[in-house]
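J.: predicted model follows, preceded by the sequence.
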Amino acid sequence: MEDPWHRAKEALGRWAAQQIQDVRILGIGSGSTVSAFIQALARYRQEVPMPLTITAASHASEEQARQLGLDVVPLESLEHVDLAVDGADAVDAHGALIKGGGAALVRERLVIAAARHTMILVDSSKVMNAFKRVRLPIAIIPFGWRQTLSRLNGLGVGTASLRRKGEGPVVTDDGLYIADLAIGNIAVPDMLHHELKRIDGVVDTGLFLDYPTAIWVSDGLTVWRHNETGD
Ligand SMILES: O=C(CO)[C@H](O)[C@H](O)COP(=O)(O)O
């Protein structure tokens, strides 16, 4: 089935590729929007050659970028990242993000944390006033995952379930599992993120807050900037 937001993702990818002007070291996240960006970037660079080194937050993005002739290096070989480009699953009015729909949240955070600036690309279906009735991805250690899930449920903020694919659990590029926490309302994202991080077995949550981030949104026709968040 075709993604109804396909055109918005393509528009964002094309638009973002043209913004990569004075960037030498680019971090890329993962997901279908980032994939559209990688495609557009490779095409744009054929027209306007420029020196560019890329570091990727997932094997899938790395593979795609390499196949399109882009130069990809591991994050740990770099001193810094000029700009990170990534997608998100949800964005609130304050620019807080929920990420991890593609199970790459841990590496995505590390790329974003290394970057001077971040550009987030989202289709307009993902923009909401506040996080209500959302699914928050949480990366957990496989060992004792059932007990970690119980601790997450014991917090009383939502219902946690192990993300599965076919017969088995989804396993991230770092060998972690993903617990999805269905939550009715995230009143204070920062507090919830820290509460969850304190739970034994939790590695990271999909709440991305307070990074110097510009969020760009598209409905497939135009691209516009979401409320500014301090970059
Ligand atoms: O956080 C992510 C992966 O971990 C992605 O950025 C997020 O899931 C958005 O994906 P898509 O662009 O396919 O909608």
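T.: Done, it's in. Residues are numbered from 1 along each chain as shown.
J.: biggest helix in the protein by residues?
T.: What stands out as the longest helix in the chain, according to DSSP state H, is helix 32-47.
J.: specify the beta-bridge partners of residue 85.
T.: Going by DSSP bridges, residue 85 is paired in beta bridges with residue 28, residue 119.
J.: measure it to the ligand for me?
T.: Separation of residue 85 from the ligand (Cβ to the nearest ligand atom, to the nearest Å): 10 Å. To be clear about C-beta, it is placed using only N, CA and C from the backbone, and glycine gets the same treatment.
J.: then residue 213?
T.: 13 Å.
J.: surely that residue meets residue 121?
T.: No. Contact criterion Cβ atoms under 8 Å: residue 213 and residue 121 do not qualify, at 11.1 Å.
J.: neighbour count for the two, which is higher?
T.: Ranked by neighbour count (other Cβ atoms under 10 Å), residue 213 and residue 121 place residue 121 first, with 28 against 25.
J.: wait, what's in contact with the more buried one?
T.: Residues in contact with residue 121 (Cβ atoms under 8 Å, 6 or more residues apart in numbering) are 9, 12, 13, 16, 33, 34, 37, 85, 86, 87, 216, 218.
J.: that one: what secondary structure?
T.: Assigned by DSSP: H, G, I helix; E, B strand; the rest coil, the conformation of residue 121 is strand.
J.: distance check, it against residue 179.
T.: Distance, residue 121 to residue 179, using Cβ to Cβ, to the nearest Å: 26 Å.
J.: cool, residue 16 as well?
T.: Counting by Cβ to Cβ, the gap from residue 16 to residue 179 is 31 Å.
J.: residue 1: neighbour count?
T.: 3.
J.: repeat for residue 8
T.: Using other Cβ under 10 Å: residue 8 sits among 25 other residues.
J.: what helix or strand does it sit in?
T.: Per DSSP states H and E: residue 8 is located in helix 6-19.
J.: by contact count, what packs against that helix?
T.: Applying 3 or more Cβ pairs under 8 Å, 6 or more residues apart in numbering; DSSP states H and E, one finds that helix 6-19 contacts helix 32-47, strand 115-123, strand 213-218, strand 223-225.
J.: my guess is residue 14 meets residue 41, correct?
T.: No. If you go by Cβ under 8 Å, residue 14 and residue 41 don't touch, sitting 9.4 Å apart.
J.: of the two, which one has the most company?
T.: residue 41 (25 against 18).
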